[in-house]
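1. Show me the folded form of this:
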Amino acid sequence: MIADHVVVGMFSENCWVAACEQTGEAILIDPGAEPGRITSLLERHRLIPVQIVNTHCHLDHVGAVQDLREQFGIPFATHPGERENLEDLADHARWFGIEAPREPEVDHWIEDGEVIEFGKCSLTVLATPGHTAGGVCLYSHHGGHGEVFAGDTLFSGGIGRTDLAGGDFKTLVASIREVLFALPPETVVHCGHGPDTTIGREQASNPFVSDGADARFTELF
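-> Numbers count the residues shown, from 1 in each chain. Here you go, the predicted structure:
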């Protein structure tokens, strides 16, 4: 499986592309801004986008969704727990003093355990609420090693913030410990912001999911 990304927008968000090496079919994950740069990434790898899937629908992750949905004529999918975030995009944009993105039209609501196929590859939806009510991660195990697209659930040395609507610190920590940490330790974690990490590395050293971690310590995103 091909996994590559481009950092977009004022929030330095990672838009990921997961693609089948044999067929070139690709999934766009969290296209947050700058659709032209995302299109260039697809062209560089000669990929054919077949679907957009969002791990969650905060402002910084959805800004390019509708443009790309219309450009390529492909469906957009996210978890039904993200309805409120989609409806509140204009309010969130006002908080930051920026122009609101176009609200994406959702073609399909995904659920925990659902398998998203593209070419000869697939991603399994893992429900990981806590950063948002409908937050998910997308897990793949192809070519001998696992990869998980974690959105803002888990970062290298950090976790997503839990002080916005739908966020809950205890829920997020439980999602990480019970769902993500159940994956093999060598699993590569592709984060929504910042560098990659591995499940084993975060199990060993992430201070936000250790015993006694405090909800006051949250990340920026």
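2. need the contact list for the residue positioned nearest the centre of the chain.
-> Central residue of the chain (Cα atoms, centre = their mean): Gly151, 3.0 Å from the mean position. Taking Cβ atoms under 8 Å, 6 or more residues apart in numbering, we find Gly151 in contact with 30, 54-56, 61, 131, 135-137, 160, 191-192. All C-beta atoms are positioned from the backbone trio N, CA, C, and that covers glycine.
3. Now it. Nearest residue, chain neighbours left out?
-> Thr55 (2.8 Å; Cβ to Cβ, 6 or more residues apart in numbering).
4. Could you look up the SS state of the one you found?
-> coil (DSSP: H, G, I helix; E, B strand; the rest coil).
5. Can you tell me how far the residue nearest to the centre of the chain is from Thr198?
-> 17 Å (Cβ to Cβ, to the nearest Å).
6. ok, now Ile159?
-> To Thr198, Ile159 is 15 Å away according to Cβ to Cβ.
7. tally of neighbours for the nearest residue to Ile199 once chain neighbours are set aside?
-> The shortest distance from Ile199 to any non-neighbouring residue, by Cβ to Cβ, 6+ apart, is to Thr187 (4.4 Å). The tally of other residues near Thr187 (other Cβ atoms under 10 Å) stands at 22.
8. Got phi/psi on Thr187?
-> phi -60, psi 130 (degrees, to the nearest 10).
9. Leu138 too?
-> Dihedral angles (degrees, to the nearest 10) for Leu138: phi -120, psi 120.
10. count of residues packed around it?
-> Neighbours of Leu138 (other Cβ under 10 Å): 26.
11. doesn't Gly146 make contact with it?
-> No. In this structure, Leu138 is not within contact of Gly146 by Cβ atoms under 8 Å, at 11.4 Å.
12. picking up where we left off before, test my guess that the residue nearest to Gly151 contacts Ile27.
-> No. Counting by Cβ under 8 Å, Thr55 does not reach Ile27; the two are 11.6 Å apart.
13. follow-up on the earlier one: among the contacts of Gly151, which are located in helices?
-> His61 (DSSP state H).
14. Can you lay out the contacts of Gly151 as CSV showing neighbour count?
-> Listed next are those as CSV, based on neighbours: other Cβ atoms under 10 Å:
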residue, neighbour count
Asp30, 29
Asn54, 29
Thr55, 29
His56, 28
His61, 31
His131, 32
Gly135, 31
Val136, 32
Cys137, 25
Gly160, 32
Cys191, 23
Gly192, 29
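15. And the contacts of Gly151, which is closest to Glu117?
-> Val136 (16.3 Å; Cβ to Cβ).
16. Does that closest one touch Thr128 like I think?
-> Yes. Using Cβ under 8 Å, Val136 is in contact with Thr128, at 6.0 Å.
17. Contacts only, for the closest residue to Gly119 other than its chain neighbours.
-> Nearest non-adjacent residue to Gly119, counting by Cβ to Cβ, 6+ apart: Cys20, 2.6 Å away. Cys20 sits next to 1-2, 26, 118-121 when contact means Cβ under 8 Å, 6+ apart.
18. Having no further points to raise, I will conclude here.
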